[in-house]
Structures are given as C-alpha cells and as structure tokens.
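sequence below, structure please.
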Amino acid sequence: MIDLSGHASLASALAAAVERWPEQTCLIELDRDRENHRLTYRQFGDRAAAFAGFLQASGFLPGSRAAIILTNQSAWLMAAYAVFMAGGVLVPLDPKLTAEEHRDLIAHSGSGWLIVEHHIWIGLRETVGVAAVVVGAPPKDVLEAPAQRWEDAAGPAAQIRSRQRNDLACIVYSSGTGGRPKGCMLSHANYLEQCAALAEVHRMAEGERYLSILPTNHAIDFMAGFIGPFVCGATVIHLRTLRPEHVRTALTKYGITHVTLVPMILKNLETAIRARLDALPAGKRRITNALVGINTALTRHRLRPALSRRLLAPIHASVGPSLRAVFVGGAFTDPATLQFFRDLGFPVANGYGLTEACTVLTLNDVSNPRTDTVGTPLPGVEVQVVDPDRDGIGQVAVRGKTVMLGYLDDPALTAETIRDGWLLTGDLGHVDAGGHLHLVGRVKNMIVTAGGKNVYPEDIEAAFDGLPVEEFCVFAASYLWRTASLADDTLVAVLRLSNGSGADTIDAFRRRNRQLPDYKRLGGYVRWDEAFPRTPSLKIKRDALAERLRGRLDAGGVADL
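Prediction:
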C-alpha cells in the first residue's frame, strides 16, 4: 500500500500508485458479461493526464469545480483523477436525478465544468451554461461550444498541481436532494485519513480484486471502490448492472476478493441462495443443513474461511470462492440476514457512516463480525452519545479527522450540525460495554409511549421481514403529520404490496403485529402504490416519502391493523 502520510492530495497519492504498479491491471469495465475496457495503472494514468492537460489548456484553474454525472464506467474514474491532477474540486452527482435537480446542484456547487453522459446532457444543454465534456455522444450528434466530446478532450500530459491537505477536494451532496441542498465539503485530508484508517482495520493486498457495483458518485463506492483499491495496487471491476445473476457471475469469474453492498443487494443474494437450497432433493438438503450446523458451531468465535469452503463447497463456489471481505452499509441491515451469511462462513461485516464524515465511522471485524451492532469506531474516530435516556440511548455524535469542513455556503446549518468539533449525526443509539455501537433510529422519527418508553420505528421493521410486499417502512404518526398528538402517538406502516397480494398480506401483518409487545405494536397502515424514493445506495429516503404522504393523505387515511 502507498504510504499516505507523505501525500498532501489525492492526486499525489494516485500518481504514486501509477508509478509503483505501472503494469498491474487497475480497472476492468464490465457490461454484463462483456469487457469494455481493461486498463493497467500506466494506461489509466496516461489517459487521465491527457484529460487533465486538456482541462488546463482550456482555462481550468486550481480550485475550479467540475461536476461529474456518469454511470459507473472507466471515464468516471479517469475524469476524477484528472480533475484532482489539475488542482480542481470534484462534484459527483447522482445520474438518476432529474434535469431540474441536476441544474440546481450544478449552480449551487459553483461548478464551471461538467463531465456528463450523452443522454443526460440532452436534457441539460439548453439550460446549463457551463463547459461540458460529453461521454458517449454518437458521431451524428453535433456538439456546440462549449461542449466537447470525451474522445476529443485530450491535451499534452499535465503535471500535478500542488494542493494542501486541508484544501477542498470534493463537494458531495448527502442523501435527499429535495429542498435545501446539503453540499458536504470534504478535504484531501478527510479522504487520506479515511483511507488510512480503513487500511489499518482491513487492508487489501496488491493484485486483489474489488467488485464495484454501487454508484461511484456515492461516498461509499468513491472510497471503497476507487481510492482505497488504487492506493493498494488492487484491481477494480466496474459492473454496470445490479442484476443478481450478473453479480454472482462476476464474483466467481473474476475471483473477487472484496465487495461492498447495500442491504437490499445482500438480501437479494440471500434470497437466491435460499432458493437454491430449497430446490435440493430432500436428502441433500438434510446433509447441507447438517453441514451448516457444523460450520456454525466450529466458527462461533471466529470465522474459518478455509474450513467453511470445504464443508460448504457448492455454496461458496456459486457465490464467491475467493471472497475475503464483504462490507455492507448505507442503511439498516437485518441481523437475521447477517447471521445467515455468518452461518455459511461468508466474511460479511456491516458498518456505519455518513457522507458528512467521509463515509465510514464504525465497522465490524471481518474475521469475527457481530450481527447485532454496526461495529466499533475506526482508528482516529471518537463516538459519544449525547443526552442519553435511562436506557443509555441518545443522539450519536462523532469526532475525528474525517469529519467534513462544513456545508457549502451554509454556515448556519454547519453550526447546527458540528458543535465544538463533534458532528451530530441525527441517529439514535447506544454504545455497549465492548465499545460496539448500536443504532435504533432517527432523532425525529420516534414516539414516546404513555409509560415513558422510547420506540424507534426503524427498530420495529425487522419484525415484519419476509412478508410478501414490494416495500414497507414504519413512521411515527407525529413525524408524518405534524398535527398528530404526541400524547397518544402511534406507529404507522407504509405498505407497497406485491402484485396479486392484498387481504392475505394485511392479515399476515396483523398476525406479526399481535406478536409484538404492546408498546411496539403498529397502530395502523396506509397503502402506497408508487416505488419508494431511494438514495444511490438504495436506502429509502424517509423524508421524501413522508413529504409525499403528507401531500396526499391525512391522519384519517390510516387503516387499522
């Protein structure tokens, strides 16, 4: 791994990787089962330097800001490295946002340059007055200045413009882009410190392979699927689809050693494995169950990958025989799902982080992951619980060198969020005697029962896992409708039912609900027919969903359970 302590910028660290491993493959762009590109570190560095030279020759100055709106592909990483080489500030934007949202964020970020995919540029070119480099533009499409084709945007190889560790590196917009924009200002030091802390906990080795399937614009994949692997001399495989069959093929075909998933993708993988096990003949299924039991017993205190791969060879061969670490984060992960993979011997470790803290704050030990917590703080990260109640639950606050500089052009919100160096996360939790952080919900989305108990809707959702619904989540009624009485607040489930389901599913919810303690029971439900709004990491945008519900329903529309 590159020694990051001697580097002042991301460009400097990435350049050191290019120099150290010139002939090592750094990036494979995979579109389903077809390779679009396979690049060595030298090839990657040469192409990025040519684009950086084009930017500099076109008037791109140190501190200039460039937005990227691309799906996962080699151009994304090359453009990002080039922006850093030219001394610029990167603004990664979600390609799934609307044209109006893109325009607002480009303007808010102060971006003077845009690297954008052609189909997105079509909706922006009439209203966005910035210089643009368009990726994937067909030859027949005539681009007018100041737009330029990606293929033609090359100049003399650029030298790296020096930056300081505390200089701004990225402006990253946190989840939920509606309303007040929240541009997190992250420095080169934030990223370098985050990378060093992660490597201290779990380091990739030269030549190992990371499967990148999350959007690179998201903080998780930018760090874990770009900066981290590159400074370790690893290979990143960019898979341009989330379809489970292609994910499983890539895991096995490319000998993937590391991957980061969000809970929804991990759950889909669990469903696929269970379906394969259910399809086994009765005799083989009994044998497999017995072997799983043996593996669980022998790995209770620490995973033993070599043993698990022998005992459960067919399962590991079909999922990923080379996996050293599967990280999961970005949203709540069902402990039952984590336990399922632990019982099979897969090294699945969940963690917790925020864009405002440069991605990861706590992480479970890959060799002995717990399923009931989000892990312990990374080196250099401090965690405290603010104003804990009698059960020790309060708002989680964190401090460390990865905490952002602040919100762009919003000193008031920055002051509300960072107090005396402590970042207030808005999440509720407690720390156990072993230093593990437990999360229970969000500060604004909770109820207090007449008996004085705090109840957190996110904590209730696991009780309804496995029911035949497309999507569901739980809110406090007072969170959905501000006029609801706090004195007799209740929990409300929002259900988007699967095709063909109806009364039977509602009955199943009622039965599960009756099994809960009185103070945790849902008070009612509402039907919702639209897909839930989600972040790039597929986490439900609860604020956005709540806003839509408020606009169309009132508290009188809640049906009894």
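
from residue 380, how far off is residue 420?
For residue 420, the distance to residue 380 equals 18 Å [Cβ to Cβ, to the nearest Å]. For every residue, glycine as well, the C-beta is placed using N, CA and C.

so for residue 500, what's the pLDDT?
We have a pLDDT of 68 for residue 500.

longest strand in this protein, please.
strand 422-431 (DSSP state E).

give the buried residues for that strand.
Residues of strand 422-431 classed as buried: 422-425, 427-431 (neighbour count, 16 or more other Cβ atoms under 10 Å).

what does it contact?
Contact with strand 422-431 is made by 352, 354, 356-357, 383-386, 388, 391-399, 403-404, 416-418, 437-444, 446, 456, as judged by Cβ atoms under 8 Å, 6 or more residues apart in numbering.

if we go to 6 Å?
By Cβ atoms under 6 Å, 6 or more residues apart in numbering, the residues outside strand 422-431 that reach it are 354, 356, 385, 392-393, 396-399, 403, 417, 437-443.

in terms of neighbours, single out the busier of residue 420 and residue 380.
residue 380 (14 against 6; other Cβ atoms under 10 Å).

for the closest residue to the more buried one other than its chain neighbours, the count of nearby residues, please.
Excluding the flanking residues, the one nearest residue 380 by Cβ to Cβ, 6 or more residues apart in numbering is residue 400, at 5.0 Å. Residue 400 has 22 neighbouring residues, counting by other Cβ under 10 Å.

where's residue 400 relative to residue 181, distance?
25 Å.

hmm, back to that, run me through the strand neighbours of the longest strand of the chain, direction for each.
Take DSSP bridges as the rule and strand 422-431 pairs in its sheet with strand 394-399 (antiparallel), strand 418-419 (antiparallel), strand 437-442 (antiparallel).

now tabulate those strands in a markdown table and tack on mean neighbour count, mean pLDDT and distance to residue 79.
Compiled in a markdown table, these are given as follows (neighbours: other Cβ atoms under 10 Å; pLDDT from 0 to 100; distance: least, Cβ to Cβ, whole Å):
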| stretch | mean neighbour count | mean pLDDT | distance to residue 79 |
| --- | --- | --- | --- |
| strand 394-399 | 21 | 96 | 31 |
| strand 418-419 | 16 | 96 | 30 |
| strand 437-442 | 20 | 83 | 35 |
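
reformat those as CSV; add distance to residue 66.
As requested, the strands paired with strand 422-431 are exported to CSV (distance: least, Cβ to Cβ, whole Å):
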stretch, distance to residue 66
strand 394-399, 29
strand 418-419, 26
strand 437-442, 33
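
and the nearest residue to residue 490 once chain neighbours are set aside, how close does it get to residue 41?
For residue 490, ignoring the flanking residues on the chain, the nearest one in space by Cβ to Cβ, 6+ apart is residue 523 at 3.0 Å. Residue 523 sits 58 Å away from residue 41, going by Cβ to Cβ.

quick one: the helices in the stretch 101-250 of the chain, in order.
With DSSP state H, counting those that start in this stretch as the criterion, the stretch 101-250 of the chain has helices at 118-122, 188-201, 219-222, 228-231, 244-253.

same list (the buried residues of strand 422-431) but as TSV, adding distance to residue 75.
As requested, the buried residues of strand 422-431 are exported to TSV (distance: Cβ to Cβ, whole Å):
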residue	distance to residue 75
422	39
423	33
424	37
425	34
427	35
428	41
429	39
430	44
431	43
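
out of those residues, what pair is the most spread apart?
423 and 430 (17.6 Å; Cβ to Cβ).

and the host helix or strand of residue 512, which residues are buried?
Take DSSP states H and E as the rule and residue 512 turns out to sit in helix 503-514. For helix 503-514, a neighbour-count test (16+ other Cβ under 10 Å) marks 505-506, 508-509, 512-513 as buried.

and for stretch 261-277?
261-267, 269-270, 272-273, 277.

how about stretch 12-25?
12-18, 21, 24-25.

which stretches of the stretch 51-200 of the chain have low pLDDT?
175-180 (pLDDT under 70).

in it, which spans are strands?
In the stretch 51-200 of the chain, the strands defined using DSSP state E, counting those that start in this stretch lie at 65-69, 89-92, 113-117, 131-135, 147-149, 168-173, 183-187.

just for the stretch 451-561 of the chain, where's the confidence low?
For the stretch 451-561 of the chain, the ranges with pLDDT under 70 are 451-454, 456, 482-489, 500, 537, 555.

what ranges do the helices span in it?
Using DSSP H, counting those that start in this stretch, helices in the stretch 451-561 of the chain cover 457-461, 477-480, 503-514, 542-552.

export the third one as PDB, just CAs?
Coordinates of the C-alpha atoms in helix 503-514 are reproduced here as PDB (Å, rounded to 0.1, in the frame of the first residue of the first chain):
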ATOM      1  CA  ALA A 503     -56.000  -9.000   2.100                       C
ATOM      2  CA  ASP A 504     -53.800 -12.100   2.900                       C
ATOM      3  CA  THR A 505     -50.800  -9.900   3.300                       C
ATOM      4  CA  ILE A 506     -52.600  -7.400   5.500                       C
ATOM      5  CA  ASP A 507     -53.700 -10.400   7.700                       C
ATOM      6  CA  ALA A 508     -50.100 -11.600   7.900                       C
ATOM      7  CA  PHE A 509     -49.100  -8.100   9.100                       C
ATOM      8  CA  ARG A 510     -51.800  -8.200  11.700                       C
ATOM      9  CA  ARG A 511     -50.600 -11.600  13.000                       C
ATOM     10  CA  ARG A 512     -47.000 -10.400  13.200                       C
ATOM     11  CA  ASN A 513     -48.100  -7.200  14.900                       C
ATOM     12  CA  ARG A 514     -50.000  -9.100  17.600                       C
END
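
domain parsing for this structure?
4-239, 262-442, 456-560 (automatic domain parsing).

which of those sits most buried?
domain 4-239 (a mean of 20; mean count of other Cβ atoms under 10 Å).

pLDDT score for residue 215?
Reported pLDDT for residue 215: 88.
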